[in-house]
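> What follows is a protein structure lacking sequence information:
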């Protein structure tokens, strides 16, 4: 992940816990500060698996993601969660603390982005992985603008970038992963996820076409490699992993064939 650029080994101290759905915790590590999602969170270990695989797929699709890694929580760390209890020892998902802010719905802020084409890629990603926690339209409308993160980058990519972050509610909308994940209704769901009304003026046919071309390259071997990254401690059984890999491939093909006509009827 991230080419091994950022790999914390040890949690040094607890900083703050937040009452989010996964009780995310800010911690300091031997590689700097980060935001930790651990076992023992109220929604269970499967949301951690969705976060990991969803983030890997975002990278594969060409979207910027927060630097991330798996780090081992130990009994000695004693990390309190916002809604009670402690982080359970074992592998946890962590992202590096970055300079930036959650988008508040202001369309003018989007115009300041260095790569507005990433909005098109994000809509393709969220539709592919059925991520209900950025924007899901009616009848089950759900809006969470905090999950649209804009970060400042220095160096060659200096400027304001859109990051694909928080994929915990991808694939199952926070529910448990089961062998039914590859059910035909899920694969052929025509809902366009992630497309806030403010995003519509920024949608670009050419960049959707490029993302669609990438989706057509997804195959069983690649999907299996991503799912295999999920630690066994997160309790995703082998039959579920197989069904999940099939979903990733078959859903990619369906979205590739249909998303352009759905966005521009």
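Good, I have the coordinates. What you see is a predicted model, and the numbers here were worked out from it, not measured in a lab.
> Could you measure from residue 130 over to residue 8?
Note on residue 130: its distance to residue 8, by C-beta to C-beta, to the nearest Å, is 30 Å. For every residue, glycine as well, the C-beta is placed using N, CA and C.
> now do residue 185
Residue 185 is 40 Å from residue 8, where distance means C-beta to C-beta.
> Between the two, which is the more surrounded one?
The residue with more neighbours, out of residue 185 and residue 8, is residue 8; 22 against 7, by other C-beta atoms under 10 Å.
> Remind me which helix or strand that one belongs to.
Following DSSP states H and E, one finds residue 8 outside all helices and strands.
> Contact partners for it?
Listed by C-beta atoms under 8 Å, 6 or more residues apart in numbering, the contact set of residue 8 reads 29, 30, 31, 32, 34, 69, 71, 94.
> Quick check: the first one is in a strand.
Yes: under DSSP: H, G, I helix; E, B strand; the rest coil, residue 29 sits within a strand.
> doesn't residue 72 make contact with it?
No: in this structure, residue 29 is not within contact of residue 72 by C-beta atoms under 8 Å, at 10.9 Å.
> between the two, who's got more neighbours?
residue 29 (21 against 15).
> which sections of the stretch 151-265 of the chain are below the confidence cut-off?
157 (pLDDT under 70).
> Pop out the phi and psi values for the residue sitting nearest the centre point of the chain.
Central residue of the chain (C-alpha atoms, centre = their mean): residue 167, 2.6 Å from the mean position. With angles defined as degrees, to the nearest 10, residue 167 sits at phi -110, psi 20.
> repeat for residue 163
Note on residue 163: its backbone torsions stand at phi -110, psi 140 [degrees, to the nearest 10].
> what about the nearest residue to residue 135 once chain neighbours are set aside, neighbour count?
Of all residues not flanking residue 135 in the chain, residue 196 sits nearest, at 4.5 Å (C-beta to C-beta, 6 or more residues apart in numbering). Neighbour count for residue 196, taken as other C-beta under 10 Å: 21.
> Can you tell me how far residue 196 is from residue 145?
Distance, residue 196 to residue 145, by C-beta to C-beta: 7 Å.
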